[in-house]
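Undergrad: Build me a model:
(one chain, ligands or ions: 2)
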Amino acid sequence: HAADAHRTDLMTITRFVLNEQSKYPESRGDFTILLNHIVLGCKFVCSAVNKAGLAKLIGLAGETNVQGEEQKKLDVLSNEVFVKALVSSGRTCILVSEEDEEATFVDPSKRGRYCVVFDPLDGSSNIDCGVSIGTIFGIYMMKDNHEPTLDDVLQPGKQMLAAGYCMYGSSCTLVLSTGGGVNGFTLDPSLGEFLLTHPDIKIPKKGKIYSVNEGNAKNWDGPTAKYVEKCKFPKDGSSPKSLRYIGSMVADVHRTLLYGGIFLYPADKKSPSGKLRVLYEVFPMSFLMEQAGGQAFTGKQRALDLVPTKIHERSPIFLGSFDDVEDIKALYAAEG
Ligand code: AHM
Ligand code: MG
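TA: Ligands and ions are numbered 1, 2, ... in the order given. Below is the predicted model of the structure:
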């Protein structure tokens, strides 16, 4: 029976990606190897996050990261694990991590064709109270065999080959797109394997939830303020939207992807470029949204068209259900 087949025919993330890659005759299995190393990093962080309270891993490491924020031990640890796993994969040449001011250029002896941009542990303000946090990553491919330079990672998001995130929540969920749709995998702790649990995720065309830090409202620009007002007091006879905001991008985006709606981190007078980082927060999440049938907009343009000029650049972002993002686009267009 089909039901039995599901229980015994386990679709692991490795098997799934191998199947996908075998469609390309030139595929040499390099991407699968790279992904396996990312998955290893996610499993490590998942186990470290689960043990954090017990192992007293929580606490200040006495270092500050690029943005001058206090860094928790788990961030440091997660970053080290990811960097080492990615370098040892032998498939990467440039790494950009939120935790490292400079990009890492992989030694020629260990070099491969992929560039990986990542935030090893996003949402760190949520660690101490046990709220979901996550890892976000995006993958570019070097165009040819030239010496790697920063330009190889300063490419628009639409050039990404793959993007994903792993959420460390009540379960550990990895959501991935290699450009042919979006699929979700859940870690089976007893097997130590991510199994396909959310095949071909499509975001609802319109949602009932908006997600934003409303504490910043006094500094918002006109279109953002009008949009949120419209969510609360719709004039077209529809019901007001519900507000959900966790303050952990992976968790807020994951809910948006599954339930529909919109996630906003707009510009404001204090942060004219918003807060979220283009390369390893805005791009991967925008890539996933588009692949799931949604949209991602910066307030000026399609997010994936943005060409970053610095590795830690920030951008405002509005992403989610197609129709909801259309509404905010119209408000910015009206502004001129
Ligand atoms: P972090 O990289 O320092 O953890 O900050 C990123 C996080 C995102 O996960 C989240 O969407 C956002 O910051 C929340 O910011 P705020 O507290 O300003 O609402
Ligand atoms: Mg972050």
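
Undergrad: ok now stretch 106-116, how far from the chain's centre?
TA: Distance, stretch centre to chain centre, for stretch 106-116: 22 Å (C-alpha atoms, centre = their mean, to the nearest Å).

Undergrad: Buried residues, that stretch. List them.
TA: By 16 or more other C-beta atoms under 10 Å, the buried positions in stretch 106-116 come out as 106, 111-116. Yep, even glycine has a C-beta here, placed from its N, CA and C like the rest.

Undergrad: Would you mind measuring the gap between the ends of that stretch?
TA: Stretch 106-116 has an end-to-end distance of 11 Å (criterion: C-alpha to C-alpha, to the nearest Å).

Undergrad: export stretch 229-244 as CSV, just CAs?
TA: Only the C-alpha atoms of stretch 229-244 are listed here, as CSV (Å, rounded to 0.1, in the frame of the first residue of the first chain):
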residue,chain,number,x,y,z
GLU,A,229,-2.8,51.2,8.9
LYS,A,230,-4.6,49.3,6.1
CYS,A,231,-3.8,46.0,7.7
LYS,A,232,-5.6,47.1,10.8
PHE,A,233,-8.4,49.3,9.3
PRO,A,234,-9.1,47.9,5.8
LYS,A,235,-11.4,50.1,3.8
ASP,A,236,-12.5,47.5,1.3
GLY,A,237,-14.7,45.6,3.7
SER,A,238,-12.2,42.8,4.3
SER,A,239,-11.3,41.7,7.8
PRO,A,240,-8.3,43.2,9.6
LYS,A,241,-5.1,41.1,9.5
SER,A,242,-3.7,39.5,12.6
LEU,A,243,-0.3,40.6,13.9
ARG,A,244,2.4,38.0,14.6
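
Undergrad: ok, and of the buried residues of stretch 106-116, which contact ligand 1?
TA: Checked against ligand 1 using C-beta under 6 Å from any ligand atom, the buried residues of stretch 106-116 yield no neighbours at all.

Undergrad: nearest to ligand 1, of those?
TA: Set against ligand 1, the nearest of the buried residues of stretch 106-116 by C-beta to the nearest ligand atom is residue 116 (17.0 Å).

Undergrad: hmm, whichever strand or helix holds that closest one touching ligand 2?
TA: Assigned by DSSP states H and E, residue 116 belongs to strand 111-122. Yes. Interface with ligand 2: strand 111-122 contributes 119, 122 (C-beta under 5 Å from the ion).

Undergrad: ok, the next helix or strand after that strand: who's next to it in the sheet?
TA: Next helix or strand after strand 111-122 toward the C-terminus (DSSP H and E): strand 133-141. Paired with strand 133-141 in the same sheet, following DSSP bridges, are strand 111-122 (antiparallel), strand 162-168 (antiparallel).

Undergrad: would you turn those strands into JSON lines with mean pLDDT?
TA: As requested, the strands paired with strand 133-141 are exported to JSON lines (pLDDT from 0 to 100):
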{"stretch": "strand 111-122", "mean pLDDT": "96"}
{"stretch": "strand 162-168", "mean pLDDT": "97"}
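
Undergrad: May I see those organised as CSV, with distance to residue 293 added?
TA: As requested, those are exported to CSV (distance: least, C-beta to C-beta, whole Å):
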stretch, distance to residue 293
strand 111-122, 24
strand 162-168, 15
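
Undergrad: Quick check, residue 44 in contact with residue 79.
TA: No. The pair residue 44 / residue 79 is not scored as a contact, 11.4 Å apart, by C-beta atoms under 8 Å.

Undergrad: Pick out whichever of the buried residues of stretch 106-116 sits closest to ligand 2.
TA: The shortest gap between ligand 2 and any of the buried residues of stretch 106-116 belongs to residue 116, at 15.3 Å (C-beta to the ion).

Undergrad: leaving aside the residues next to it on the chain, what's closest to residue 326?
TA: Among residues not flanking residue 326 along the chain, residue 295 sits closest, at 7.3 Å (C-beta to C-beta, 6 or more residues apart in numbering).

Undergrad: Test for you: state the pLDDT assigned to that neighbour.
TA: Per-residue confidence (pLDDT) for residue 295: 98.

Undergrad: now swap in residue 21 and tell me
TA: Looking at residue 21, its pLDDT reads 86.

Undergrad: Ok, residue 302 next?
TA: According to the prediction, residue 302 has pLDDT 98.

Undergrad: beta partners of it?
TA: residue 297.

Undergrad: Could you check how far it is from residue 209?
TA: From residue 302 across to residue 209, the span is 22 Å (C-beta to C-beta, to the nearest Å).

Undergrad: so what's the closest residue to ligand 2 within the chain up against?
TA: Proximity of the chain to ligand 2 (C-beta to the ion) peaks at residue 122, 3.7 Å away. When contacts are counted by C-beta atoms under 8 Å, 6 or more residues apart in numbering, residue 122 is found next to 98, 133-136, 248-250, 281.

Undergrad: do the same with residue 104
TA: 83, 87, 94-97.
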